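S.K.: give me a model of this one.
(one chain, ligands or ions: 3)
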Amino acid sequence: MFPQAQPIYPVSGIRTIEARVGAQAQPTLMERAGRASAEEAVRLTQDRAGQVLIACGPGNNGGDGFVMARRLLQAGRPVTVAFADDPAKLPPDAAAALAAWRAAGGETVSDFPAAPANGWALVVDALFGIGLRRPVSGRYATWIDALNAQPAPRLAIDIPSGLDADTGRVLGTVFHATATLTFLALKPGLLTLDGPDIAGVVHLHRLDIDPAAWLAPMGMQIQPGLVRQLMKSRLQNTHKGCYGDVGIVGGARGMTGAALLAGRAALKLGTGRVLIGLVDDAGPAVDFNQAELMLQRPEDVLEQANVLALGPGLGRSTAAAALVEQAARSNKPIILDADALNLVAASEVLKSLIAAREAPTLMTPHPGEAGRLLGTDTANVQADRVASTLKIAGSYQALVVLKGSGSVVTYPDGRWLINSTGHPGMASAGMGDVLTGLIASLVAQGWPAESALLAAVHLHGAAADRLAREGIGPIGLTASEVAEASRGVFNGWIVQAGKGR
Ligand SMILES: NC(=O)C1=CN([C@@H]2O[C@H](COP(=O)(O)OP(=O)(O)OC[C@H]3O[C@@H](n4cnc5c(N)ncnc54)[C@H](O)[C@@H]3O)[C@@H](O)[C@H]2O)[C@@H](O)CC1
Ligand SMILES: Nc1ncnc2c1ncn2[C@@H]1O[C@H](COP(=O)(O)OP(=O)(O)O)[C@@H](O)[C@H]1O
Ligand SMILES: [K+]
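M.R.: Ligands and ions are numbered 1, 2, ... in the order given. Just a heads-up that it's a prediction; the model follows:
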């Protein structure tokens, strides 16, 4: 779909790949996974002497744990394996791995073991992987609580037990990993919703398999490499007319700042001209902090600009709805954010106008707005962020980003991506307005809408990440700072891509 992007597969895709590769793979995939896990354990315990505790579950995730234990033992590391299920019920590969562990002289304990006097060097969760089917409870919940309580690094094998691999939802009790070693390919649950909080540092081991060669990628991660390849150079012989006119419509009384923030972000990313149409008649006629912005009547902005962004501070007045309708009827690319989305969600006329548009429609809902667009609630949206975003893209024939931890980008043709940048310092007013301005700017500069959306989403988070690294935030980060930093990050990417002047 996009070269140089990391593929993501939900469980159904991983199962397909496993089935296609499975029988012919030598060594077996489980042997490879266990070996990779042992190598990771050695890395994580370089400076920590003592025993490794591996808690093994009733399926193939447990099998990975048995292989890992055998490998560590063979490397001279002391290992304790906790396994409380019936060996006769293990799937074949895992049963063979347990037998091999025993043949190598290994033992298992069926009660959660007391920690050695100097503590565990590492605790490993090989309880459940992608086969988790229901919330974790009972003995395994108690074990997970006990693993979480150890003052040692915590490694999850494939996916932390209790984390839903498809959605990033916590099912019952969950293992809080400091690191996760995942196999074959990334899974959506590691990257969105609670996944990033639960999984710690995620390492991918492909087990010497190229997953895309066995199954076309189902989703992609938005990573620096992907975005860098989209960068373009500017010719010397150009002028502001070459870089588009963005029109921002919003800024009802008390919310002027939202429209100005979006406008400033568009300006700082290189838009030729930025026009702002404030719906508040009594709003300012000039932004004295950013005099380059052209403040005009909203109707005129809709006429003059070639890319329209509606929503920041727009409000839900009748006049606002009329402006959204005027934009929807235009043949210009439009970006709908905030109250523009709420107005669309509340109007059948707007809904059908949007779905029938020929020029690109881009939508930037947060989970609450997404819920309104789908006629459901926030919890339902969050229960499966990828599926919810795809549904919006399909019903509105729009390019959509569902914002939040692990922003999900989808296109009407069913492709989807999950972003890898950003942090919780961005949970502050105005951040979404800045994103809207960044998207509008790239579209106005001639970027195809799908690249503009994914690049702006990545840039927005990368700018916030850079600021945090520099000690600006993460807590207390402001949207204005992110708009400012986006400029530097973007120009850096152009240089890195060899497209600078
Ligand atoms: N199948 C393969 O080819 C490979 C699988 N691998 C490993 O195998 C894992 C998947 O193995 P499985 O499909 O066996 O699944 P899991 O090992 O994740 O778990 C399935 C087992 O747990 C039980 N279970 C599920 N949810 C439960 C709950 N909440 N409480 C109690 N029991 C529960 C199921 O009944 C089943 O016995 C991957 O995550 C990965 O770690 C790797 O070895 C790579 C190769
Ligand atoms: N925890 C987080 N991790 C990553 N990004 C976040 C997080 N919280 C917020 N963001 C980002 O910040 C922006 C907030 O947008 P939004 O909720 O629309 O705010 P506002 O309407 O106040 O501008 C989104 O791009 C979102 O993805
Ligand atoms: K696990």
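S.K.: so what's the closest residue to Ala449 other than its chain neighbours up against?
M.R.: Spatial nearest neighbour of Ala449, chain neighbours left out: Pro360 (3.8 Å); criterion: C-beta to C-beta, 6 or more residues apart in numbering. All C-beta spots, glycine's among them, are computed from the backbone N, C-alpha and C. Pro360 sits next to Pro333, Ile334, Ala398, Leu399, Val443, Ala449 when contact means C-beta atoms under 8 Å, 6 or more residues apart in numbering.
S.K.: what does Thr410 give?
M.R.: For Thr410, the contacting residues are Val386, Thr389, Leu390, Ile392, Ala393, Leu399, Val400, Leu402, Trp416, Leu417, by C-beta under 8 Å, 6+ apart.
S.K.: after the helix or strand in which the first one is found comes which helix or strand?
M.R.: To tie it back to what came earlier, the one meant is Val386. Using DSSP states H and E, the element containing Val386 is helix 385-396. Scanning forward in sequence from helix 385-396 by DSSP H and E, the next helix or strand is strand 399-402.
S.K.: average pLDDT for that following strand?
M.R.: Strand 399-402 shows a mean pLDDT of 98.
S.K.: average pLDDT across the helix or strand just after that strand?
M.R.: Next helix or strand after strand 399-402 toward the C-terminus (DSSP H and E): strand 408-410. Strand 408-410 carries an average pLDDT of 98.
S.K.: ok, strand 408-410 near ligand 2 or not?
M.R.: No - no part of strand 408-410 sits close enough to ligand 2 to count as contact by C-beta under 6 Å from any ligand atom; the gap is at least 9.8 Å.
S.K.: which residues sit against the helix or strand following that strand?
M.R.: The helix or strand immediately downstream of strand 408-410 is strand 416-419, counting by DSSP H and E. Residues outside strand 416-419 that contact it (C-beta under 8 Å, 6+ apart): 2, 5, 8, 188, 191-192, 218-222, 386, 389-390, 406-410, 454, 457-458, 461.
S.K.: same deal with stretch 387-396?
M.R.: With C-beta under 8 Å, 6+ apart as the test, stretch 387-396 has contacts from 344, 351, 354-355, 361, 363, 365, 370, 373-374, 380-382, 398-402, 408-412, 414, 416.
S.K.: are any of those buried, and if so which?
M.R.: The neighbour count (16 or more other C-beta atoms under 10 Å) marks 344, 351, 354-355, 361, 363, 365, 370, 373-374, 381-382, 398-402, 408-412, 416 as buried among the contacts of stretch 387-396.
S.K.: how about the strands in the stretch 201-350 of the chain?
M.R.: 201-205, 219-222, 245-250, 273-278, 294-296, 307-310, 334-336 (DSSP state E, counting those that start in this stretch).
S.K.: which parts of the stretch 51-200 of the chain are helices?
M.R.: Ranges of helices in the stretch 51-200 of the chain, per DSSP state H, counting those that start in this stretch, are 60-74, 92-103, 138-148, 188-191, 195-199.
S.K.: in contact with the closest residue to ligand 2 within the stretch 301-450 of the chain, which residues?
M.R.: Ligand 2 sits closest to Gly432 of the stretch 301-450 of the chain, with a gap of 2.2 Å, by C-beta to the nearest ligand atom. Contacts of Gly432 were listed using C-beta under 8 Å, 6+ apart, and they are Pro312, Asp337, Ala338, Thr364, His366, Lys403.
S.K.: taking those one by one, which sit in helices?
M.R.: Residues of the contacts of Gly432 located in helices (DSSP state H): Ala338.
S.K.: by neighbours, which of the contacts of Gly432 wins?
M.R.: The residue in the contacts of Gly432 with the most neighbours, by other C-beta atoms under 10 Å, is Pro312 (33 neighbours).
S.K.: can you verify my assumption that that one contacts Ala258?
M.R.: Yes - using C-beta atoms under 8 Å, Pro312 is in contact with Ala258, at 3.7 Å.
S.K.: interface residues of the chain facing ligand 1?
M.R.: Contact residues, the chain versus ligand 1 (C-beta under 6 Å from any ligand atom): 18, 22, 29-30, 33, 57-64, 91, 128-134, 136, 140, 157-158, 183.
S.K.: please redo it, this time with the cut-off set to 5 Å
M.R.: Counting by C-beta under 5 Å from any ligand atom, the positions of the chain adjacent to ligand 1 are 18, 29-30, 33, 58-61, 64, 128-134, 136, 158.
S.K.: ok so, going back, which pLDDT value goes with the residue nearest to Ala449?
M.R.: If you check Pro360, the pLDDT there is 98.
S.K.: please apply the same query to Gly432.
M.R.: 98.
S.K.: how near is it to Met426?
M.R.: The gap separating Gly432 from Met426 is 9 Å, by C-beta to C-beta, to the nearest Å.
S.K.: before we move on, the earlier item: for the residue of the stretch 301-450 of the chain closest to ligand 2, give me phi and psi.
M.R.: Dihedral pair for Gly432: phi -70, psi -40, per degrees, to the nearest 10.
S.K.: just put the contacts of Gly432 in CSV and tack on distance to ligand 2.
M.R.: Listed next are those as CSV, based on distance: C-beta to the nearest ligand atom, whole Å:
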residue, distance to ligand 2
Pro312, 8
Asp337, 7
Ala338, 6
Thr364, 7
His366, 4
Lys403, 3
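S.K.: which outside residues touch the lowest-mean-pLDDT helix or strand in the chain?
M.R.: The weakest-scoring helix or strand in the chain, judged by mean pLDDT, DSSP states H and E, is helix 224-228 (a mean of 92). By C-beta under 8 Å, 6+ apart, the residues outside helix 224-228 that reach it are Phe2, Gln4, Ala5, Met220, Leu454, Ala455, His458, Leu459, Ala462, Trp493, Gln496, Ala497.
S.K.: stretch 468-475 now?
M.R.: Taking C-beta under 8 Å, 6+ apart as the rule, stretch 468-475 contacts His423, Pro424, Gly425, Met426, Ala464, Leu467, Leu477, Glu481.
S.K.: residue nearest the centroid of the protein?
M.R.: Taking C-alpha atoms, centre = their mean, the centroid of the chain lies closest to Gly406, which sits 2.5 Å from it.
S.K.: for the residue lying closest to it once chain neighbours are set aside, give me its contacts.
M.R.: What sits nearest to Gly406 in space, not counting adjacent residues and going by C-beta to C-beta, 6+ apart, is Thr192, at 2.9 Å. For Thr192, the contacting residues are Thr167, Gly168, Arg385, Val386, Gly404, Ser405, Gly406, Ser407, Val408, Ile418, by C-beta under 8 Å, 6+ apart.
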